[in-house]
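J.: sequence and predicted structure, then a few things I'm wondering about:
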Protein chains: 2
Amino acid sequence: MGRAHAANILAGKVPRLQLVAAAESDPVKLASLPGVRAFSSFDEMAASGLIDAVLIATPHFQHTSLGIQALKAGLHVLVEKPISVHKADAERLIAAHTRPNQVFAAMFNQRTDPYYIRLHELIHGGELGEVRRMNWIITNWFRTEHYYASGSWRATWAGEGGGILLNQCPHNLDLLQWLFGMPLRVRAFCRFGQYHDIEVEDDVTAYLEFPGGATGVFIASTGESPGSNRLEITAERGRVVLENDKIAYSRNDIPMSEFSRKSETSFSQPAATESLLVESNHGPQHIGVLKNFTDAILDGTPLLVAGAEGIRSLELANAMLLSTWTDSTVELPLDGKIYEKWLEGKIAGSKPKTRAKTFTSNDDFAKSFGR
Amino acid sequence: MGRAHAANILAGKVPRLQLVAAAESDPVKLASLPGVRAFSSFDEMAASGLIDAVLIATPHFQHTSLGIQALKAGLHVLVEKPISVHKADAERLIAAHTRPNQVFAAMFNQRTDPYYIRLHELIHGGELGEVRRMNWIITNWFRTEHYYASGSWRATWAGEGGGILLNQCPHNLDLLQWLFGMPLRVRAFCRFGQYHDIEVEDDVTAYLEFPGGATGVFIASTGESPGSNRLEITAERGRVVLENDKIAYSRNDIPMSEFSRKSETSFSQPAATESLLVESNHGPQHIGVLKNFTDAILDGTPLLVAGAEGIRSLELANAMLLSTWTDSTVELPLDGKIYEKWLEGKIAGSKPKTRAKTFTSNDDFAKSFGR
C-alpha cells in the first residue's frame, strides 16, 4: 500500500504534498522512490527534521507503535486502516494525539466515494426517516491460497491480528458506522480458515442491534467468487439498495409504519416511486484523502476522517471476533482490555506459515482494492 | 383460505375432484358454496359417508386435532400449512397416518413454482457443486395494523401460536429445507410486536449452520414496505440470485475453491459466465397441489409434498422462536416437548386483542399470497 501512495505523490497527484523521505530497508522498494531520502529506521526519519508529516503504511501492529512515536515527535500523522489491531491499542494511539494543531487522520478513502456520500445524505439529511434495517453482503473480497501464502506473517494472529475483518473489511465497517452509527450489541459468527489454510477468520456473519431498534446483518468472505457487494437499507420512507454501481430507491409516498397504522385494509401497502441514482465515478479515493490531509495541515480544512474515528471500525471488528470466541452477544462499548487478553491468547498459540512464498510479479496489487 | 380452495374446486379447475360437503357454520361463507352439503361439526361430516377426502383449512391449532380425526376416520387428508403449530403436535399428527393406502399431503403450493423447481434442479442435479452460503431476505410480507386487528385471536400465542414464522413464512421455510436441507443449528433473533401492536413475532433474523459447513441467513418481516424477496445462493460453481422473477446465475469456469488452491496469483478469480433464467409464470400453485392430491388418491401418483414433510418448516419456525426465547443456539433436531412447554407458557400469558375489528369487504385476500 505504501508503494501505491508513494507513486501517487511522486506523480504529482497531490498538490503541495512532497515525498522527501521513506523509512524502508527493502532495496527493491527503494528503487521505486527516486530522489527520496531513505532511512533504515523510523526513529531516525522522525528526528531528521526533513519531514513535517508522515503516512504510516506498515503491517497493522506497527500502526500503533509508529503512530505514537510520530505523534510524540510532533509530526502530522496519516495512518492507514486499521488504525490499530485492537481497541486498547487504538486508545493508546489516540491518547498520544495531544497537540491542538497537530493533524491526525486515518486513510478511509471510501468515504470519498460519491455512492456512499449519497447514502449518507439520504440517511443523515432526513430523507429516509428512521432506518429500520441494514443488510450488507460484502463477499467480493476473493483471495487465493497464493495470497495467503505470500508471507509467513500473513493471516496469522501474531502477524496481522485478524483476517478479513482487519485486512479487507475496515473500510466497510467504517462506512457501516458512518452511515448507521455504532450498534448497541453484536452477535457474530466468524469462521476461521473456512476457505483457506489460515488461522484467522475468512468468513463472517454478524447480527447487529442499533439504538432505536434497527437491526443489521453484515456478511463478508474472502472465499466466494464472484461474490457480492450489496447494501440494502430499509427505512420508513422506503428501501435503498446499492449494488453494481447503482443506488435503487423505492420511495414510499407515506412512511411505512404510518401507513400501517392508518390503513383501513389488511393487504395494501404504500404507493412507491422507483428511482435509480448513478454516479459518474467512485471519487478521488486515496488521492482525495491525501489532498484533504495536506489541506488540513496547510489551511486548517476539516478532516474527512479524523484519526480518532478509526477506533469505531476496529471496535466492530473486535466485537465480531470476541462474540465468536465467547459464543455470546457482545455489548458495546467493548472493553478493550478484555479483547486484548483474548487476542494475546490467540497470538500465544499463533504459528508462522511454513508454506510461505514470495510475491510474484504477476500480482497486481491494484486489484486488491474492493468496493 | 378455505374459501379460495372451494372456489377453485367449484369452478372445475381440478378435474375429478368434487366438493360435496363443508364443515362450516358461518352462513355468509356457506352462501358461497352452492350445492355443497353443510355440516355444523367436523365429526358429523367425517362420519357422513359422503366424502373420501378432506382439505383442512382452519385456524392453525385445529390442523392437528382435525387432521388426526380425519386420518383415524380413514379419510385422505390434505392439510394447509403449517401442518401444526409446533413439532410435538406435528409428530402426533404424522403418527396418526398409519394406513398404507391413505393419502396424507400438505399444501405447500410454492413447490409448484418453476423458479424454485429450477433452483432445486441446479442444487440437487449437481450443477452448482457444494452450496457454501444461502441468504434469503423475504420481507415483502407487509401487513397493516388493520390486518392484525381483524380478529381477536390473530397474532396471539393462544390464537395462532406464532406470528410471521407460523402464518406467512411456512412456504419460505419449507422451500429453504427443500433446497438446502435441514440446518444443524439455528441462532435467531425474533422481535415481538416490533412493527405492530401484537404479542407474536413480526420480524426475524436467523443464522443457520448446515451439515458440511454451509451457512445461511433468513430475514423476514411484516413491517417493511416495499420489502424484498431476494434469495442468494453461493456455491462452488458460482452465484445464483433469485429476485424480481429472474434467476441470475454467474457460473464459474473453475469452482471457486479449486481455483483458489491452484492459482499462482493473489488477486485473480475464476472467469464467470452470466446468464439470466426467466420462467413464463409461477406454476399451478394451489390448483397444482389439489390436482396432485387427487391424482395420488385415484392413480397412486407420488405426492409433491407428503404431509410428514410439513414437520420440517415447522421445526425451523419453532427453533427460531426457541433460540430467541432462550437467547442461545438451538441444535436440531429440536426436542418438540421442550418447545411445547415454552409455547404453553406463552399461551398462558396470552391475551385476546380488544381492538379487534371485523374484516371489511375491501380486503382482497388474494393479495396475501406472497412469493
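T.: That came through, no problem. Numbering: from 1, shown residues only, chains lettered A, B, ... in the order given.
J.: the closest residue to A:Arg230 other than its chain neighbours: how many residues sit nearby?
T.: The shortest distance from A:Arg230 to any residue other than its chain neighbours is 4.2 Å, reached at A:Glu243 (Cβ to Cβ, 6 or more residues apart in numbering or on different chains). Using the backbone N, CA and C atoms, a C-beta is placed for each residue, glycine as well. Around A:Glu243 there are 14 other residues, counting by other Cβ atoms under 10 Å in any protein chain shown.
J.: how many neighbouring residues does the closest residue to A:Arg191 other than its chain neighbours have?
T.: In space, not counting the residues next to it along the chain, A:Arg191 is nearest to A:Asp203; the distance is 4.1 Å by Cβ to Cβ, 6+ apart. Taking other Cβ under 10 Å as the neighbour definition, A:Asp203 ends up with a count of 25.
J.: if I look at the residue in the stretch 1-150 of chain A positioned nearest to chain B, what pLDDT would I see?
T.: Closest approach of the stretch 1-150 of chain A to chain B (Cβ to the nearest Cβ) occurs at A:Tyr147, with a separation of 3.5 Å. pLDDT recorded at A:Tyr147 is 96.
J.: now swap in the one 4 residues further on and tell me
T.: Reading off the per-residue confidence, A:Gly151 sits at a pLDDT of 89.
J.: what does stretch A:336-345 rub up against?
T.: Outside of stretch A:336-345, the residues that reach it under the criterion Cβ atoms under 8 Å, 6 or more residues apart in numbering or on different chains are A:85-91, A:157, A:161, A:318, A:321-322, A:325.
J.: would you mind putting these into TSV with secondary structure, neighbour count and pLDDT alongside?
T.: Written out in TSV, the entries for the contacts of stretch A:336-345 read as follows (DSSP: H, G, I helix; E, B strand; the rest coil; neighbours: other Cβ atoms under 10 Å in any protein chain shown; pLDDT from 0 to 100):
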residue	secondary structure	neighbour count	pLDDT
A:Val85	coil	25	97
A:His86	coil	28	98
A:Lys87	helix	26	98
A:Ala88	helix	20	98
A:Asp89	helix	26	98
A:Ala90	helix	26	98
A:Glu91	helix	17	98
A:Trp157	helix	21	97
A:Gly161	coil	26	96
A:Asn318	helix	33	98
A:Leu321	helix	27	98
A:Leu322	helix	22	98
A:Trp325	helix	17	98
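J.: ok, so of these, who is nearest B:Leu231?
T.: When the contacts of stretch A:336-345 are compared for distance to B:Leu231 (Cβ to Cβ), A:Leu321 wins out at 28.8 Å.
J.: where's the residue nearest to the closest one when sequence neighbours are not counted, which helix or strand?
T.: Using Cβ to Cβ, 6+ apart and skipping the chain neighbours, the partner closest in space to A:Leu321 is A:Cys190 (6.0 Å). A:Cys190 is part of strand A:185-192, with elements assigned from DSSP states H and E.
J.: the next helix or strand after that strand - contacts with which helices or strands?
T.: Remark: after strand A:185-192, the chain's next helix or strand is strand A:201-209, criterion DSSP H and E. Other elements packing on strand A:201-209 under the criterion 3 or more Cβ pairs under 8 Å, 6 or more residues apart in numbering or on different chains; DSSP states H and E are helix A:164-167, strand A:185-192, strand A:215-221, helix A:310-326, strand B:201-209, strand B:215-221.
J.: alpha carbons of the fourth one, in PDB - could you do that?
T.: Only the C-alpha atoms of helix A:310-326 are listed here, as PDB (Å, rounded to 0.1, in the frame of the first residue of the first chain):
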ATOM      1  CA  GLY A 310     -10.700   4.900  13.200                       C
ATOM      2  CA  ILE A 311     -11.400   3.300  16.600                       C
ATOM      3  CA  ARG A 312     -15.000   2.500  15.600                       C
ATOM      4  CA  SER A 313     -14.400   0.100  12.700                       C
ATOM      5  CA  LEU A 314     -11.800  -1.500  14.900                       C
ATOM      6  CA  GLU A 315     -14.300  -1.900  17.700                       C
ATOM      7  CA  LEU A 316     -16.800  -3.500  15.400                       C
ATOM      8  CA  ALA A 317     -14.200  -5.900  14.100                       C
ATOM      9  CA  ASN A 318     -13.000  -6.800  17.600                       C
ATOM     10  CA  ALA A 319     -16.600  -7.200  18.800                       C
ATOM     11  CA  MET A 320     -17.300  -9.700  15.900                       C
ATOM     12  CA  LEU A 321     -14.300 -11.800  16.900                       C
ATOM     13  CA  LEU A 322     -15.000 -11.600  20.600                       C
ATOM     14  CA  SER A 323     -18.600 -12.600  20.100                       C
ATOM     15  CA  THR A 324     -17.400 -15.700  18.100                       C
ATOM     16  CA  TRP A 325     -14.800 -16.700  20.700                       C
ATOM     17  CA  THR A 326     -17.200 -16.300  23.600                       C
END
